[in-house]
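*Asks:* kindly generate the corresponding structure for this input.
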Amino acid sequence: MIFADLSEITGRTYPARRLTQNLVGGSSPIQAKSFSMGCVTLQPHGGQVPWHNQEQEEIYLVLEGEGEMCLGTEKAEIRAGQAVYIPSRVFHQLTNTGPKVMRMIYCYGPAGDVAHWRQELDGTLPRAGSEAPPLPPGAHPQLVNKPKA
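*Replies:* Model prediction:
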């Protein structure tokens, strides 16, 4: 039996103020062909999974906190206990709007890395409204700052 234990997974911190811990795929001891899965912790007041898209379809399940979910041209509030489906190739963004951490589980398939992780670390995310479609009206801005050296 193979276990992945969040208390033992260091994960990676990203410039948009989030920690991503892979539960299935990446450096996790659990590998699957059909899907990847992990836990994301967004810091209070603006921690974010920035505006991006990918080939895989995906689900976000919010475990703690509250935030703003942007999907294509739509913007909505999201809170603990809610899940949202993200179709393949549709731009999306999740922002923690609350005073406490927001935790969520993501699951996407098929398995594999997604480009936005490397793009964010390199400071090369496509920018909303110029290199990518614009965010929905009134959405929190996309965090695209290059990491500090």
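*Asks:* quick one: least confident helix or strand in the protein?
*Replies:* helix 115-122 (a mean of 90; mean pLDDT, DSSP states H and E).
*Asks:* which parts of stretch 35-52 are buried?
*Replies:* Neighbour-count burial for stretch 35-52 flags 35-43, 46-52 (criterion: 16 or more other C-beta atoms under 10 Å). Where C-beta positions appear, they are placed from N, C-alpha and C, glycine not excepted.
*Asks:* give me the distance between the residue nearest the centre of the chain and residue 31.
*Replies:* Against the mean C-alpha coordinate of the chain, by C-alpha atoms, centre = their mean, the closest residue is residue 49 at 3.9 Å. Distance, residue 49 to residue 31, using C-beta to C-beta, to the nearest Å: 23 Å.
*Asks:* cool, and residue 8?
*Replies:* From residue 8 to residue 31 the distance is 17 Å (C-beta to C-beta).
*Asks:* same thing with residue 79?
*Replies:* Using C-beta to C-beta, residue 79 is found at 32 Å from residue 31.
*Asks:* is residue 40 bridged to anything, and to what?
*Replies:* residue 20, residue 104 (DSSP bridges).
*Asks:* looking at residue 79 and residue 31, which is more packed in?
*Replies:* More neighbours surround residue 79 than the other of residue 79 and residue 31, with 14 against 11 (other C-beta atoms under 10 Å).
*Asks:* phi, psi for the closest residue in space to the more buried one that isn't next to it in sequence please.
*Replies:* Once flanking residues are discounted, residue 79 sits nearest to residue 66: 4.4 Å by C-beta to C-beta, 6 or more residues apart in numbering. Torsion angles at residue 66 (phi, psi; degrees, to the nearest 10) stand at phi -150, psi 150.
*Asks:* I'd like the numbering to begin with 187 instead of 1 from here.
*Replies:* Shifting the count to begin at 187 puts that one at residue 252.
*Asks:* ok, now which ones touch residue 252?
*Replies:* 263-266, 282-284, 288 (C-beta atoms under 8 Å, 6 or more residues apart in numbering).
*Asks:* between these, which has the most around it?
*Replies:* residue 282 (29 neighbours).
*Asks:* wait, that residue touches residue 253, no?
*Replies:* Yes. Assessed by C-beta atoms under 8 Å, residue 282 is found in contact with residue 253 at 4.7 Å.
*Asks:* spit out the residues that contact these two alike.
*Replies:* 228, 288.
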